[in-house]
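A.B. asks: okay, predicted coordinates and the sequence, questions at the end:
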Amino acid sequence: MSDTAPATGSPEAPERELTDGFHLVIDALKLNGVETIYGVPGIPITDFGRMAQGAGIRVISFRHEQNAGNAAAIAGFLNKKPGVCLTVSAPGFLNGLTALANATTNCFPMILISGSSEREIVDLQQGDYEEMDQLAIAKPLCKAAFRVLHAADIGIGVARAIRAAVSGRPGGVYLDLPAKLFSQVMDAEAGAKSLVKVIDAAPAQIPAPAAIKRALDVLKSAKRPLIILGKGAAYAQADDEIRAFVEKSGAPFLPMSMARGLLSDMHPQSAGAARSTVLKDADVVVMLGARLNWLLSHGKGKTWGAPGSKKFIQIDIEPKEMDSNVEIVAPVVGDMGSCVSAMLEGMGANWPAPPADWIATVVAKREENIAKMAPRLMNNNSPMDYHGALGALRRIVKERPDAILVNEGANTLDLARGIIDMYKPRKRLDVGTWGVMGIGMGFCVAAAIETGKPVLAVVGDSAFGFSGMEIETICRYNLPVCVVVFNNNGIYRGTDVNSGGGADPATTVFVKDARYDRMMEAFGGAGVNATSPDELSRAVNAAMDSGRPTLVNAVIDPSAGTESGRIGNLNPQSVVRKK
Ligand code: OXT
Ligand code: ADP
Ligand code: MG
């Protein structure tokens, strides 16, 4: 304990004003602009949540910590500031940990604050209430992990957590606050002085002029340039600079899933509908805040055409990302805004347009794919197929480009990604780098709270199940969220049968013809069963107009999906089936 702090419970001179750990954590968060905390109450943080609410922080209580954690993570992505999740010790902490790890994997800034049991007992493994060495467990799963033992260190602990989450490559940070810390008492004036307001939490990282020149030389030599926009570019909120760079380059751009809308999918340079062609045939590829991971076939293999046919320029804040999978001939390390501005400046006024035949090839392929898909989006089949249902939702999003789209599932995800066009940055939130199910309702809550915009969730029936109980949270806070559950009776399809012939259902199927809409009604929201695209349109438009929490059970043909959606190639299948 610091010199200024009396021992816990010691009698104080009556004239000295006191503070304690509870107040100091709240003051430290407020001082650093934390306006909302997502969490689940319980020992030892129940009173902390109450007091934070009393102090003017918005405290959103969830039904499960994983969903609160996902909410905090996506708040971090949307705001470029760490989202905060608050949990109880051991089991609550572990429930929040998946979200913390997922945030780190996706480069979302987030702080998981968990209460913990007493160090003395935990370290001797004497069986405390919810005993667990949480710091040690969190460490490998996040960007940084800290524990605060003394009230006088709370200010510095919170400051370190904030800076670690947002500086450089953003990610998840764990902050361990043992129960005893909250009731530690210290002199109020000394406590106030111990708080730290983080100055310039994510400092600009200016790229080296030589790196910019190298990158522009490579780009200028391109005959078939391509720009890939990733969610790091969307996160950076350098929207105008990125648009100006893409437009000045004249190159086709391919948005990764959560970068859709950074430039509108309607933009004449969009190559979203010509994905295979641009990846295979481009000769110079500029990566803007995107990684050459599994989602881009690691930058090699048949997706990328002939071996050695590409040169990669990569702009990223993380130097270690360079050469992670293939050689990067022009690495540009720095923050997106600074890098793209420097590129723009270096391009001057007369940057040459890419060869016309390349642009014509990309446009022709794009228009061919769009034309091929168009008639499928107009059907009014009942039960619905994915194209009919998504065609209806695509038209709704076109009319409501400010709405935020949350998307998870397999077929429900992969087909929605291609079919629902996005028009504005950071409007599409989905399963991200891990393809994780369960982000749905947590993302919906945070998206509504952080942006004040209407939210449309398009989720598979399996995906929905991972966070479905949070529709109570959506109703409790009366959020403008419309959840459309694509109900095809199961995971990928609802038609699988038990290969052993027993009475148990197959592993991928659910209760037939379930009515998820009735779950929403149980909590006072609106529930609608939609069996055709027309009914779906009417229900979603009504929900978006009213702003009332709504769940639409969209009845999808159980045989319409494919195993694992568009990533069936990653799903190993046994070739030796025993009888
Ligand atoms: O160029 P070509 O010709 O190739 O065409 C491409 C585009 O150019 C074109 N296109 C267009 N054409 C016309 N018009 C437009 N506008 C247009 N736009 C594009 O379309 C094609 C395809 O384009 P796309 O999509 O961009 O490209 P592609 O090739 O698909 O891209 C490759 C990828 C890898 C980048 C992309 O596929 C991708 O991002 N995939 C992400 C996949 C993913 O993450 N999936 C989720 C995980 S699946 C599985 O793991 C599931 N689980 C297990 C599980 C998980 N995940 N998590 C946890 C915690 N536990 C378990 C479970 C349980 S999914 C799942 C539930 C599934 O069941 P549900 O009921 O929820 O869902 P349903 O399946 O609906 O039943
Ligand atoms: P996607 O899945 O859309 O391809 P990834 O999550 O794989 O995107 O990649 C995001 C990349 O963006 C990461 O490598 C991360 O380091 C980078 N990044 C995040 N924020 C910034 C920023 N402000 N400036 C530059 N790069 C950033
Ligand atoms: Mg399904």
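C.D. replies: Arrived safely, thanks for sending. Please read these numbers as outputs of a predicted model, since none were measured by experiment. Ligands and ions are numbered 1, 2, ... in the order given.
A.B. asks: alpha carbons only for contacts and neighbour counts from here, please
C.D. replies: Fine.
A.B. asks: what does the protein put close to ligand 1?
C.D. replies: Within the chain, the positions near ligand 1 by CA under 6 Å from any ligand atom are 272-277, 295, 369-370, 373, 409-412, 414, 417-419, 431, 435-437, 460-463, 488, 490-493, 561, 564-567.
A.B. asks: just the buried ones from those, in PyMOL syntax?
C.D. replies: Selecting the buried subset of the residues of the chain next to ligand 1 in PyMOL, with 16 or more other CA atoms under 10 Å as the burial test, is done by:
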select buried, resi 272+273+274+275+277+295+409+410+411+412+414+417+418+419+431+436+437+460+461+462+463+488+490+491+492+493+561+564+565
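A.B. asks: ok, now how distant is the residue nearest the centre of the chain from Ser89?
C.D. replies: Nearest to the geometric centre of the chain sits Ile74, at 4.7 Å (CA atoms, centre = their mean). Separation of Ile74 from Ser89 (CA to CA, to the nearest Å): 23 Å.
A.B. asks: one step back: please verify my assumption that the residue nearest to the centre of the chain contacts Cys107.
C.D. replies: No. Ile74 lies out of contact with Cys107 (CA atoms under 8 Å); the separation is 10.3 Å.
A.B. asks: show me where pLDDT drops low in the chain?
C.D. replies: Residue ranges of the chain with pLDDT under 70: 1-14, 578-579.
A.B. asks: could you chop it up by domain?
C.D. replies: Listed by automatic domain parsing, the domain ranges of the chain are 4-194, 209-368, 379-563.
A.B. asks: next, format these as TSV and append distance to Gln573.
C.D. replies: Converted to TSV, these look like this (distance: least, CA to CA, whole Å):
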stretch	distance to Gln573
domain 4-194	27
domain 209-368	19
domain 379-563	11
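A.B. asks: for ligand 3, find the nearest of those.
C.D. replies: When these are compared by CA to the ion, domain 379-563 sits nearest ligand 3, at 4.2 Å.
A.B. asks: so is that closest one next to ligand 2?
C.D. replies: Yes. Residues of domain 379-563 contacting ligand 2 under CA under 6 Å from any ligand atom: Gly432, Thr433.
A.B. asks: which residues are in contact with Gly561?
C.D. replies: Tyr386, Asn411, Tyr492, Arg493 (CA atoms under 8 Å, 6 or more residues apart in numbering).
A.B. asks: what about the strands in the stretch 101-250 of the chain?
C.D. replies: 110-116, 144-147, 172-178, 185-187, 225-229 (DSSP state E, counting those that start in this stretch).
A.B. asks: ok so, going back, out of the contacts of Gly561, who's nearest Arg243?
C.D. replies: Nearest to Arg243 among the contacts of Gly561 is Asn411, at 30.7 Å by CA to CA.
A.B. asks: how about the contacts made by the spatially closest residue to the closest one that is not a sequence neighbour?
C.D. replies: Nearest residue to Asn411 in three dimensions, chain neighbours excluded: Gly565, at 4.3 Å (CA to CA, 6 or more residues apart in numbering). The neighbourhood of Gly565, defined by CA under 8 Å, 6+ apart, consists of Ala410, Asn411, Thr412, Leu413, Asp414, Tyr492.
A.B. asks: mind redoing it with 10 Å?
C.D. replies: Gly409, Ala410, Asn411, Thr412, Leu413, Asp414, Leu415, Ile491, Tyr492, Arg493 (CA atoms under 10 Å, 6 or more residues apart in numbering).
A.B. asks: switch those residues over to a markdown table; also include distance to ligand 3 and secondary structure.
C.D. replies: Output for these, formatted as a markdown table (distance: CA to the ion, whole Å; DSSP: H, G, I helix; E, B strand; the rest coil):
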| residue | distance to ligand 3 | secondary structure |
| --- | --- | --- |
| Gly409 | 7 | coil |
| Ala410 | 8 | coil |
| Asn411 | 8 | helix |
| Thr412 | 7 | helix |
| Leu413 | 10 | helix |
| Asp414 | 12 | helix |
| Leu415 | 13 | helix |
| Ile491 | 4 | coil |
| Tyr492 | 5 | coil |
| Arg493 | 6 | coil |
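A.B. asks: which one of the strands of the stretch 101-250 of the chain lies closest to ligand 2?
C.D. replies: For ligand 2, the closest of those is strand 225-229, at 6.8 Å, according to CA to the nearest ligand atom.
A.B. asks: just list what the closest one packs against, helices and strands only.
C.D. replies: helix 209-220, helix 239-249, strand 253-255, helix 275-281, strand 284-288, strand 311-316 (3 or more CA pairs under 10 Å, 6 or more residues apart in numbering; DSSP states H and E).
A.B. asks: mind doing that once more with 6 Å?
C.D. replies: Secondary-structure packing of strand 225-229 (3 or more CA pairs under 6 Å, 6 or more residues apart in numbering; DSSP states H and E): strand 253-255, strand 284-288.
A.B. asks: so it, near ligand 2 or not?
C.D. replies: No. Using CA under 6 Å from any ligand atom, strand 225-229 never reaches ligand 2; the gap is at least 6.8 Å.
A.B. asks: which residues does the helix or strand harbouring Trp358 contact?
C.D. replies: Taking DSSP states H and E as the definition, one finds Trp358 inside helix 356-373. Applying CA atoms under 6 Å, 6 or more residues apart in numbering, the contact partners of helix 356-373 are Arg224, Ala273, Ala274.
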